[in-house]
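> Coordinates only, no sequence provided:
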């Protein structure tokens with residue numbers, strides 16, 4: 001039964017196409033994270049279509065600097081309660097002289113962990129509580145509700161989410177499904193280490209004292225070759 005439900009979904013959103021056309025970066029991104037979005041929907045009630053559309057927009061389909069270098073797909077900043085690794089990046093914070101300074105962003109061991117933390121971020125903030133009284137399959141209400149709750153400063157944020165969902169038929173992912181939770185790697189545990197690259201972007205790696213993902217396990221992140229990516233307007237400055 002499960003496969004008979006999933007197969008039409010994948011075909012309709014254009015991921016398992018039999019044509020010889022070039023697969024877009026957006027489709028590759030959907031293929032990689034669609035099950036994660038469904039798993040998080042089953043855990044929290046946040047529509048998979050909404051989460052995947054947010055990931056596509058905010059990470060530039062996995063190509064943004066934060067996604068590439070920090071596995072941060074939703075542009076979530078550190079906040080006072082973050083004890084995990086961090087990535088310093090000049091974004092929109094200014095010093096007393098009006099000069100742009102580094103902002104602290106959360107850094108994850110994988111994109112999947114970014115998806116999980118994004119869910120927890122919305123679940124644990126009272127401003128988003130009204131969203132969970134909306135119908136689980138009403139992606140339009142959720143898209144406009146996110147904007148109303150102050151998720152993003154972009155006045156067209158809700159409309160852009162809806163357009164992305166309808167362009168790729170992501171609403172088909174919101175059908176009731178029973179899927180196994182997606183296994184995720186534990187977050188990184190290591191001593192504090194700071195690295196600055198030639199573009200004046202700084203990575204700060206620190207230990208996780210109370211992270212629920214640590215579980216006394218650790219692994220090393222393989223170094224990635226840094227490269228310049230195009231810059232898109234920030235969508236979620238108010239998070």
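Structure's in. What do you need? If you're wondering where the values come from, they're calculated on a predicted model, not measured in any experiment.

> can you list the weak-confidence ranges in the protein?
1-19, 176-239 (pLDDT under 70).

> Where do the strands of it begin and end?
Ranges of strands within the chain are 86-94, 100-106, 193-196, 202-205, based on DSSP state E.

> Please report the distance of residue 136 from residue 86.
Residue 136 sits at a distance of 33 Å from residue 86 (criterion: Cβ to Cβ, to the nearest Å). The C-beta positions use only the backbone N, C-alpha and C, and glycine is treated the same way.

> and those two? which has more neighbours close in?
residue 86 (23 against 14; other Cβ atoms under 10 Å).

> looking at it, the more buried one is touching residue 107, isn't it?
Yes. If you go by Cβ atoms under 8 Å, residue 86 and residue 107 touch, sitting 5.5 Å apart.

> Who are the contact partners of the residue nearest to residue 141 when sequence neighbours are not counted?
Closest residue in space to residue 141, ignoring its immediate chain neighbours: residue 134 at 4.7 Å, by Cβ to Cβ, 6 or more residues apart in numbering. The contact partners of residue 134, by Cβ atoms under 8 Å, 6 or more residues apart in numbering, come to 141-142, 145.

> try it again with 10 Å
Residues near residue 134 by Cβ atoms under 10 Å, 6 or more residues apart in numbering: 45, 47, 140-142, 144-145.

> In helices only, show me the residues you listed.
Among the contacts of residue 134, the members falling in helices (DSSP state H) are 140-142, 144-145.

> quick one: which of those residues is most hemmed in?
Of those, with other Cβ under 10 Å as the count, residue 142 tops at 26 neighbours.

> Count the neighbours of the closest residue in space to that one that isn't next to it in sequence for me.
Leaving out its chain neighbours, the residue that sits closest to residue 142 by Cβ to Cβ, 6+ apart is residue 50, at 4.8 Å. Neighbourhood size, residue 50 [other Cβ under 10 Å]: 29.

> Check residue 102 too.
So residue 102, with other Cβ under 10 Å, has 17 neighbours.

> unless I'm mixing things up, it is touching residue 88, no?
Yes. The criterion here is Cβ atoms under 10 Å, and residue 102 meets it with residue 88 at 4.1 Å.

> Give me the neighbour count for the residue lying closest to residue 71 once chain neighbours are set aside.
Leaving aside its sequence neighbours, residue 71 sits nearest to residue 108 (Cβ to Cβ, 6+ apart; 4.1 Å). Residue 108 has 28 neighbours, counted by other Cβ under 10 Å.

> any idea how far residue 108 lies from residue 22?
Taking Cβ to Cβ, one finds residue 108 at 29 Å from residue 22.

> cool, and residue 175?
28 Å.

> Residue 129 too?
43 Å.

> of the two, who's got more company?
Taking neighbours as other Cβ under 10 Å, residue 129 and residue 22 compare with residue 129 leading, 11 against 7.

> now the more buried one: how far from residue 149?
9 Å.

> In space, what's closest to residue 43 - neighbours in sequence excluded?
In space, residue 43 comes closest to residue 119 once its chain neighbours are excluded; the distance is 6.7 Å by Cβ to Cβ, 6+ apart.

> Same check on residue 72?
residue 66 (4.2 Å).

> picking that back up, columns distance to residue 155 on top of the contacts of residue 134, output as JSON lines?
Formatted as JSON lines, the contacts of residue 134 follow (distance: Cβ to Cβ, whole Å):
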{"residue": "45", "distance to residue 155": "26"}
{"residue": "47", "distance to residue 155": "22"}
{"residue": "140", "distance to residue 155": "17"}
{"residue": "141", "distance to residue 155": "18"}
{"residue": "142", "distance to residue 155": "17"}
{"residue": "144", "distance to residue 155": "12"}
{"residue": "145", "distance to residue 155": "15"}
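
> Kind regards, and thank you for your time.
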